[in-house]
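1. Have a look at this prediction, sequence included:
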2 protein chains.
Amino acid sequence: MSTTIDVPESSKVTKGKAVIVGPQRPGGWKKGVAIMDFILRLGAIAAALGAAATMGTSDQNLPFFTQFFQFEASYDSFTTFQFFVITMAIVGGYLVLSLPFSVIAIIRPHAVGPRLFLIILDTVFLTLATASGASAAAVVYLAHNGNQDSNWLAICNQFGDFCAQTSAAVVSSLSAVVIFVLLIVMSALAIGKP
Amino acid sequence: MSTTIDVPESSKVTKGKAVIVGPQRPGGWKKGVAIMDFILRLGAIAAALGAAATMGTSDQNLPFFTQFFQFEASYDSFTTFQFFVITMAIVGGYLVLSLPFSVIAIIRPHAVGPRLFLIILDTVFLTLATASGASAAAVVYLAHNGNQDSNWLAICNQFGDFCAQTSAAVVSSLSAVVIFVLLIVMSALAIGKP
């Protein structure tokens, strides 16, 4: 900086370089990353709450019943699916609450604090979302395929709609997981690069 | 440093401040974080490879068999457990390969590059480890408790040793997940704070 003040005749050259390489506005791309962060968060909210709602409304009665019990499958038949609904609702709630911090990152692209806060909480909720999505996926897989050795029969032959709905919920939750990974990588790059 | 040379009579005061507040060595704690990172990585390697080995050796034959088939349970009875063994071995392999980058972070505590590289890959492998640990946990839970509505019976009454071994593998994998979260949070703080 002091060289441009001391030698004003070379200031044009310095400006020309500044436009191409961009050292005088470092981190203009950080605002873009912050806006992308906000948009991805909206997508993750839709995915997480959609997964919770899809799983929470999964319920199928079969049109026949024996004298002992009626055949019914719903999400609260499986503890894993209950965990899934609760966890996905919590993740969706966290994502809504995290939007103001994302807005702060848009307004002040160079502030490290909000991004650091988001990266730490995102990591925790990524773990939560992955755990619930993967455990529900394992149960959905068993419902589709059964297991020979433990004599667990596939139930998707009878409960086709139930299986389709829970599978959709699992896919939706895993897309939320992918968005979380992107959010963390973007925040890390925005913090680390000048 | 230059002040201590120019004004030797106040050097004792400056040193006293440096020990308490530490402004003359900013980021001395970053070396500590990097060393902690290395130690935690060693713990995660033990947890991940231990989980893979425990799950991979789980195998139990019952001391009786019918004329149709012998009762046997091993990890490759369940697709989820096969996925678990493969994934945990991959995670362990990644952690071993990440050790040199952790060493670089110890030698050069202020370099952002290695930490950024580690934080991004750690996030990906955190997701992998969480997914395999949680899906195996869901199957272990079913093996312990069964499920009334789908008529899946608990198999842990017969295969007690098998269930104990797979449960231990799940616990080990989840401790690797906890270490991964700590590693990411520590790396983020080391990058973000001056």
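-> Received the coordinates, thanks.

2. For A:Ser175, which non-adjacent residue is spatially closest?
-> Distances taken as CB to CB, 6 or more residues apart in numbering or on different chains place A:Ala47 nearest to A:Ser175, at 4.8 Å, with adjacent residues excluded. C-betas here are computed from N, CA, C, even on glycine.

3. Verify the stated contact: that neighbour with A:Ile179.
-> Yes: using CB atoms under 8 Å, A:Ala47 is in contact with A:Ile179, at 6.7 Å.

4. ranges for the helices of chain A?
-> Under the criterion DSSP state H, helices of chain A are mapped to A:2-6, A:11-21, A:28-56, A:79-107, A:113-145, A:160-192.

5. Single out the most deeply packed of those.
-> Comparing the helices of chain A by mean neighbour count (mean count of other CB atoms under 10 Å in any protein chain shown), helix A:113-145 ranks first with a mean of 23.

6. counting contacts, what elements does that one pack onto?
-> helix A:28-56, helix A:79-107, helix A:160-192, helix B:79-107, helix B:113-145, helix B:160-192 (3 or more CB pairs under 8 Å, 6 or more residues apart in numbering or on different chains; DSSP states H and E).

7. so can I have TSV of these showing distance to A:Leu153 and mean pLDDT?
-> Putting the helices and strands packed on helix A:113-145 into TSV (distance: least, CB to CB, whole Å; pLDDT from 0 to 100) gives the following:
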stretch	distance to A:Leu153	mean pLDDT
helix A:28-56	22	94
helix A:79-107	18	95
helix A:160-192	13	94
helix B:79-107	16	95
helix B:113-145	13	94
helix B:160-192	20	94
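
8. Minimum distance to B:Thr57: which of these has it?
-> Checking the helices and strands packed on helix A:113-145 against B:Thr57 by CB to CB gives helix B:160-192 as the closest, at 7.3 Å.

9. Now do the contacts for the nearest residue to A:Phe117 once chain neighbours are set aside.
-> Leaving aside its sequence neighbours, A:Phe117 sits nearest to A:Phe101 (CB to CB, 6+ apart; 6.1 Å). The contact partners of A:Phe101, by CB atoms under 8 Å, 6 or more residues apart in numbering or on different chains, come to A:Pro114, A:Phe117, A:Leu118.

10. at 10 Å instead, please
-> Applying CB atoms under 10 Å, 6 or more residues apart in numbering or on different chains to A:Phe101 gives the contacts A:Asp37, A:Phe38, A:Arg41, A:Gly113, A:Pro114, A:Arg115, A:Phe117, A:Leu118, A:Leu121.

11. And for A:Arg115?
-> A:30, A:33-34, A:37, A:101-102, A:104-105, A:109, A:122, A:186-188, A:190-191, B:188, B:191-192.

12. Nearest residue to the middle of chain A?
-> Nearest to the mean C-alpha position of chain A, by CA atoms, centre = their mean, lies A:Ala176 at 3.0 Å.

13. Appreciated, that's everything.
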